[in-house]
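S.K.: With the sequence up front, the predicted model follows.
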Amino acid sequence: MDDGELVAHWLDGAHNPVICDLVDDLHARLGRKVEALQPVCRASGRCCRFEAYGHRLFVTGLEVAITLVRAGVSLDSEDLARARMQGRCPFQRDRLCGIHPHRPLACRVYFCDPSWESAMEEVSSSLHERIRRIHEMWSIPYRYGEWRDLLSLFVREGAV
Ligand code: SF4
């Protein structure tokens, strides 16, 4: 399957309300866990400055499509190149997230609060397994990769 076909499958999934509801349900589950454990976020922006803090954001192609469709943002290869050069996410605005309500699961799960670390690993792997199963249930091609790498597929295919 070539990149264009992959992106088309993911965008189809992102326009399917049942699939979106399943993903929203995972976000809600995570939200309840975060609510219960209250990890601290000081809005430092560290989680979005990948290179500076040795952090990598991994997502699936379907998640990228859902984020882009919902956020309705435009992005081009120059935006991506600039973000890479600066070692950050292309959607970071100052220290904040420019697409906060639509950010993918991996952004929702990451807090730099050390007391959250063990819960983060457990929650993140169980939710990710559920995301993988959504791909299986709906025969959506599964690709798991670095955020900016997958975003660049959508940019190259003119889908954003
Ligand atoms: S999507 Fe938002 S929260 Fe996630 S890395 Fe980018 S700016 Fe940060």
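M.R.: Happy to help now that I have it.

S.K.: quick one: buried residues of the lowest-mean-pLDDT helix or strand in the chain?
M.R.: The least trusted helix or strand in the chain, going by mean pLDDT, DSSP states H and E, turns out to be helix 117-137, with a mean of 88. Buried residues in helix 117-137, counted by 16 or more other C-beta atoms under 10 Å: 119-120, 123-124, 127-128, 131, 134-135. Where you see a C-beta, it was placed from the backbone N, CA and C, and this is true even at glycine.

S.K.: Which of those sits closest to residue 6?
M.R.: Closest approach between the buried residues of helix 117-137 and residue 6, by C-beta to C-beta: residue 135, at 11.8 Å.

S.K.: Name the nearest residue to the closest one, ignoring sequence neighbours.
M.R.: The shortest distance from residue 135 to any non-neighbouring residue, by C-beta to C-beta, 6 or more residues apart in numbering, is to residue 142 (4.3 Å).

S.K.: what do you get for residue 132?
M.R.: Looking at residue 132 with C-beta to C-beta, 6+ apart, the closest residue is residue 142, at 6.3 Å.

S.K.: quick revisit: any chance of the buried residues of helix 117-137 in a markdown table, plus distance to residue 57?
M.R.: Listed next are those as a markdown table, based on distance: C-beta to C-beta, whole Å:
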| residue | distance to residue 57 |
| --- | --- |
| 119 | 18 |
| 120 | 13 |
| 123 | 16 |
| 124 | 12 |
| 127 | 14 |
| 128 | 13 |
| 131 | 14 |
| 134 | 19 |
| 135 | 18 |
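
S.K.: so which of those residues comes closest to residue 33?
M.R.: Distance to residue 33 across the buried residues of helix 117-137 (C-beta to C-beta) is lowest for residue 123, with 5.6 Å.
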